[in-house]
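In: Please find the sequence and the predicted model below.
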Amino acid sequence: MTRFPYVRVLSILLLVCFYFCFPADMFGQCPMCKMSAESNLKDGGTMGKGLNMGILFLLSLPYIIVGTLGYLWYRNKKNYDESTE
């Protein structure tokens, strides 16, 4: 960890920047979405299916990002350990 001490600081700054770049309103949910989707499905529409698919895509993105970062960390740590031996 002492090899690159600025990496931790840079990571924290990057996370803080991402946090402040997205307004809190973007994280809110519309209270009418459920009622709108239910009424659309009753009328034979497919808006509810599209809404569910969108939710799945939004839900999968954090897992993909964390998985990618975890894999990159593991690969770099493994390469670093092999080079120090």
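Out: Done, it's in.

In: from here on, contacts and neighbour counts on C-alpha atoms
Out: Noted.

In: I figured residue 38 was touching residue 49, is that so?
Out: No. Contact criterion Cα atoms under 8 Å: residue 38 and residue 49 do not qualify, at 10.3 Å.

In: hey, where'd the strands end up in the protein?
Out: Remark: no strands are assigned in the chain by DSSP state E.

In: Which parts of it are helices?
Out: 5-21, 33-42, 47-84 (DSSP state H).

In: chain center to the longest one: distance?
Out: Its chain's C-alpha centre and that of helix 47-84 lie 8 Å apart, by Cα atoms, centre = their mean, to the nearest Å.

In: in that helix, what's buried?
Out: residue 48 (16 or more other Cα atoms under 10 Å).

In: helices or strands up against it?
Out: helix 33-42 (3 or more Cα pairs under 8 Å, 6 or more residues apart in numbering; DSSP states H and E).

In: From the chain's centre, how far out is the helix it packs on? Work that out for me.
Out: 27 Å.

In: Quick one: mean pLDDT over that helix.
Out: For helix 33-42, the mean per-residue pLDDT is 76.

In: do the same with stretch 6-21
Out: Regarding stretch 6-21, the rounded mean pLDDT is 81.

In: now stretch 73-85
Out: Mean predicted confidence for stretch 73-85 is 84.

In: could you dump that stretch to PDB, C-alpha only?
Out: Output in PDB follows, covering the C-alpha atoms of stretch 73-85 (Å, rounded to 0.1, in the frame of the first residue of the first chain):
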ATOM      1  CA  TRP A  73      -7.600  -5.300  -8.400                       C
ATOM      2  CA  TYR A  74      -7.000  -9.100  -8.100                       C
ATOM      3  CA  ARG A  75      -5.100  -9.200 -11.400                       C
ATOM      4  CA  ASN A  76      -2.900  -6.200 -10.400                       C
ATOM      5  CA  LYS A  77      -2.200  -7.600  -7.000                       C
ATOM      6  CA  LYS A  78      -1.300 -11.000  -8.400                       C
ATOM      7  CA  ASN A  79       1.100  -9.400 -10.900                       C
ATOM      8  CA  TYR A  80       2.600  -7.300  -8.200                       C
ATOM      9  CA  ASP A  81       3.100 -10.300  -5.900                       C
ATOM     10  CA  GLU A  82       4.700 -12.200  -8.700                       C
ATOM     11  CA  SER A  83       7.100  -9.400  -9.500                       C
ATOM     12  CA  THR A  84       8.200  -8.900  -5.900                       C
ATOM     13  CA  GLU A  85       9.100 -12.600  -5.500                       C
END
